[in-house]
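Trainee: please find the sequence and the predicted model below.
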Amino acid sequence: MEMTCGGCGTVVDGIGAYPFRCPNFALGDVDHVLVAPPPCPTGSEWPAWPADRSHDDNPFVRFRELLDCYRRSSAIGMTEARYVDIVNDLAGRIEAIDGNKLGATPLTRSGYISDFYDFAAGGGVWVKDETSNVAGSHKVRHLVGIMVHLLVSEDAGITDRRSRPDLAIASCGNAALAAGVVAAAARWRLKVYVPTHADPEVMARLAALDAVVIPCERRAGEAGDPTYRRLLEGLGDGDIAFTCQGDLNALCLDGGRTIGYEAISDAVAAGAVPDHVVIQVGGGALATSCIKAFAYAAQAGVIAGMPRIHTLQPLGAHPLARAFTQLKDRAGPSPSAEEVAGLLGEAARHRSLYMWPWNEPRSVASGIIDDETYDWLAVVRGMLETGGSALVAGEQELVDAHTLAAKAGFAASATGAAGLAGLAQLVGSGEVATSDKVLVLATGLR
Ligand SMILES: [Zn+2]
């Protein structure tokens, strides 16, 4: 199983201990992200798409044949039963620590939101609700994918439990909490780089999980996010990126795809395959993962074609929308598929023409104000190829979306409800018709 860097083309052995990031990561103005081959080797059938939720609730068991971490375990000779044992053992420990189960999250048609926008009976708004997930958000899926890889490596003797490198993440929100729970479940030491103004409640929870919290001050003359700078220094010293950023650890995108797989399976079973998907974007890993899940489902014939992919960012931090606009301007009014592919290839080799840090990001949706969209290129590609849009919402629109989510009975934060601000714009502009089916993700607990 080989992984290929989408930026520089370097091939990495996916069987090895840490096939996380491109060895040329720091070189050039290149978008280095490792990509695994699809779970369907040339000439072979796609694995069956599990439709029946009851047979196994744990997404890392249910969708294992679509996951890189399982395919690698098979490639190194591990039995299916052993893989399932490792996953279930980790899931049991996670539930014991967090209280929430590492299980399926619900997908339901929201009658309240559908009626609010006058959707017809056949159309409507389906919400995938991640607020009941472990640590209150979708982030746990990204991190469990990495952890399963690490535990499989130890079990197979590829790495030694007695000489574990530290795990490390730069975050002061949901991603840090999810990382804390998963690391504690595996009894693995975790460093969390946080800003000096981090929320004391989150810090207390991290301390209770035995994470090593490291506050980061901005050094004189330093540009960008200081927590991210310290994280990179730690990775240089051998720490493992336990993050939701695909450029630092591509395996986070593998586990993240379980959210898409699950939404697609449930939508197919309910006769509610979406025409549009609206995803709020901070670092871009969730959108990247969901787009890939839909692409695989379309290639496997599980759905007839791709839905239109739309993203939503706050006005106070929208580096992805900025990059998308730049690319569309360069592409001109009606580019051919070849021209789009050429442009995206060029963008991968000239990253800073499109993506650079946002100056003083701020929004009520504080979970999606990453100063860069780290996983941006696959999202831009997904929007371009499906005729989607990069939406930007002002603060009042985000507040209204949050209020609507609460009235509809979702316990989402302003970040978690932000996709609804995109829905409002798409309905308002007529891009979404009232007969359409729309998927929105409620990503995090308030
Ligand atoms: Zn590379």
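Mentor: Great, that's in hand.
Trainee: poorly predicted segments of this protein, please.
Mentor: 41-43, 51-56 (pLDDT under 70).
Trainee: around the ion, which positions in it sit nearby?
Mentor: 5, 7, 8, 10, 22, 24, 32 (CB under 5 Å from the ion). (Each C-beta comes from the backbone N, C-alpha and C, glycine too.)
Trainee: and the residues you listed as TSV, adding secondary structure, distance to residue 39 and neighbour count?
Mentor: Listed next are the residues of the chain next to the ion as TSV, based on DSSP: H, G, I helix; E, B strand; the rest coil; distance: CB to CB, whole Å; neighbours: other CB atoms under 10 Å:
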residue	secondary structure	distance to residue 39	neighbour count
5	strand	19	23
7	coil	23	25
8	coil	24	17
10	coil	22	15
22	coil	21	25
24	coil	26	14
32	coil	23	23
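Trainee: contact partners for the closest residue to residue 134 other than its chain neighbours?
Mentor: The shortest distance from residue 134 to any residue other than its chain neighbours is 4.2 Å, reached at residue 140 (CB to CB, 6 or more residues apart in numbering). By CB atoms under 8 Å, 6 or more residues apart in numbering, the contact set of residue 140 is 94, 102, 133, 134, 178, 181, 182.
Trainee: what helix or strand is residue 140 located in?
Mentor: helix 139-155 (DSSP states H and E).
Trainee: go on, residue 417?
Mentor: Per DSSP H and E, there is no helix or strand for residue 417.
Trainee: relative to the ion, how far out is it?
Mentor: 36 Å (CB to the ion, to the nearest Å).
Trainee: what's the closest non-adjacent residue to that residue?
Mentor: residue 405 (3.6 Å).
Trainee: from memory residue 153 sits against residue 159, does it?
Mentor: Yes: Residue 153 is within contact range of residue 159, at 4.5 Å (criterion: CB atoms under 8 Å).
Trainee: okay, and the common contacts of the two?
Mentor: Common neighbours of residue 153 and residue 159 (CB under 8 Å, 6+ apart) are residue 17.
Trainee: in the protein, which spans are strands?
Mentor: 2-5, 11-13, 34-35, 107-109, 124-129, 167-170, 190-195, 212-216, 240-241, 276-280, 308-314, 390-393, 437-442 (DSSP state E).
Trainee: redo those as a markdown table? Include distance to residue 421.
Mentor: Formatted as a markdown table, the strands of the chain follow (distance: least, CB to CB, whole Å):
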| stretch | distance to residue 421 |
| --- | --- |
| strand 2-5 | 34 |
| strand 11-13 | 38 |
| strand 34-35 | 31 |
| strand 107-109 | 20 |
| strand 124-129 | 13 |
| strand 167-170 | 26 |
| strand 190-195 | 25 |
| strand 212-216 | 31 |
| strand 240-241 | 31 |
| strand 276-280 | 8 |
| strand 308-314 | 6 |
| strand 390-393 | 4 |
| strand 437-442 | 10 |
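Trainee: OK, contacts around residue 301?
Mentor: residue 46.
Trainee: mind checking how far it is from residue 289?
Mentor: 21 Å (CB to CB, to the nearest Å).
Trainee: can you give me the helices in the stretch 301-446 of the chain?
Mentor: In the stretch 301-446 of the chain, helices defined by DSSP state H, counting those that start in this stretch lie at 319-331, 337-349, 377-386, 395-407, 419-429, listed in chain order.
Trainee: tabulate those helices (a markdown table), appending distance to residue 125 and mean neighbour count.
Mentor: Below are these laid out as a markdown table (distance: least, CB to CB, whole Å; neighbours: other CB atoms under 10 Å):
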| stretch | distance to residue 125 | mean neighbour count |
| --- | --- | --- |
| helix 319-331 | 22 | 19 |
| helix 337-349 | 30 | 15 |
| helix 377-386 | 19 | 23 |
| helix 395-407 | 10 | 18 |
| helix 419-429 | 7 | 22 |
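Trainee: show me what residue of the stretch 51-200 of the chain gets nearest to the ion.
Mentor: Proximity to the ion, evaluated over the stretch 51-200 of the chain using CB to the ion, is greatest for residue 68 at 17.7 Å.
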